[in-house]
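Chemist: give me a model of this one.
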Amino acid sequence: MDSAKMEEPIVVIITGVSIGRELAERYLGRPNHIVVGSVRDETKPEIAALRNAHVAQGSRLLLVHIESTSFTDTADALNTVLEAGVGHVDIVIANAGGSPHVQPLDVVDARDMISNFHVNAVAPLVLFQTFKPLLQKSKRAPKWISVSTGGGSISLMESIRSWVGPSYGASKAALNWITRAIHFENEWLVAMAIHPGLVQTGPGNWVARKFGNLEKAPITIESCVDSMIGIIDHATRTETSGKFIRSADGTEMGW
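Modeler: Next up, the predicted model:
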């Protein structure tokens, strides 16, 4: 029998696979991978495309419903995962996030601040709390990845003018704090934040037009995912964990 078939599958959880479809497809294209993808709306065309993606031998896709502001969806998703016979997790990529209309600090709506903290910081924390027992059952070096942003860096605020988006930036700064706390609290885990850069998604292109006088963001989704997966593949507790990494070149960013 092929030894690869006897190995325990690598289980990857990716939240927000509508935007993170390319990430999910890359892992599905690897043999012996189970990709657990969270979605809010399974009727989106991106999800149909993901369902039709190439799947390597021994790999499969499992979709779960998680609305980031829900207090019960993540626990329900865990039950779905367990009922599907998945008993461990090797990698979690907390990719889901959101941003409201950009409002200056002087007038930003408190409800937008609270909503962003819930989606971008609290929801990933709940995800970690919920799936930690399955991460602990990994027979590999388990990894937690927070998809953050340079806008969440306090030290880079002046150079990138991130104060123009206070609700988004502050909530991502909170995510960075939580990620570093996860690193210190769990010595068995690789935990890091990744800054994808200005990527050619809807929000990324908007930022490029609004603040950079560019027609679209400079980084393609494909090249961003290439870089991110390379960083995740080689991440270690001693070299990468507890750090904020720039996906474009793998260098460390200031918190």
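Chemist: hang on, isn't Asn116 packed against Ser167?
Modeler: Yes - the pair Asn116 and Ser167 qualifies as a contact (C-beta atoms under 8 Å) at a distance of 4.3 Å. C-beta coordinates here come from the backbone N, C-alpha and C atoms, glycine included.
Chemist: now do the residue most central in space within the chain against Gly16, distance only.
Modeler: Within the chain, one residue has its C-alpha closest to the average C-alpha position: by C-alpha atoms, centre = their mean, that is Asn95, at 2.2 Å. When distances are taken as C-beta to C-beta, to the nearest Å, Asn95 and Gly16 turn out to be 5 Å apart.
Chemist: can you give me the helices in the stretch 51-200 of the chain?
Modeler: Secondary structure of the stretch 51-200 of the chain (DSSP state H, counting those that start in this stretch): helices located at 73-83, 110-117, 123-135, 157-160, 166-185.
Chemist: and the third one, which residues are buried?
Modeler: If you call a residue buried by 16 or more other C-beta atoms under 10 Å, then helix 123-135 has these buried ones: Ala123, Pro124, Leu125, Val126, Leu127, Phe128, Thr130, Phe131, Lys132, Leu134, Leu135.
Chemist: what's the answer for the first one, then?
Modeler: By neighbour count with 16+ other C-beta under 10 Å, helix 73-83 contains the buried residues Asp73, Thr74, Ala77, Leu78, Val81.
Chemist: which residue packs closest to Ser155, ignoring adjacent ones?
Modeler: Spatial nearest neighbour of Ser155, excluding adjacent residues (C-beta to C-beta, 6 or more residues apart in numbering): Gly254 at 3.6 Å.
Chemist: so where's the protein uncertain?
Modeler: For the chain, applying pLDDT under 70 flags the ranges 1-6, 100, 206, 210-212.
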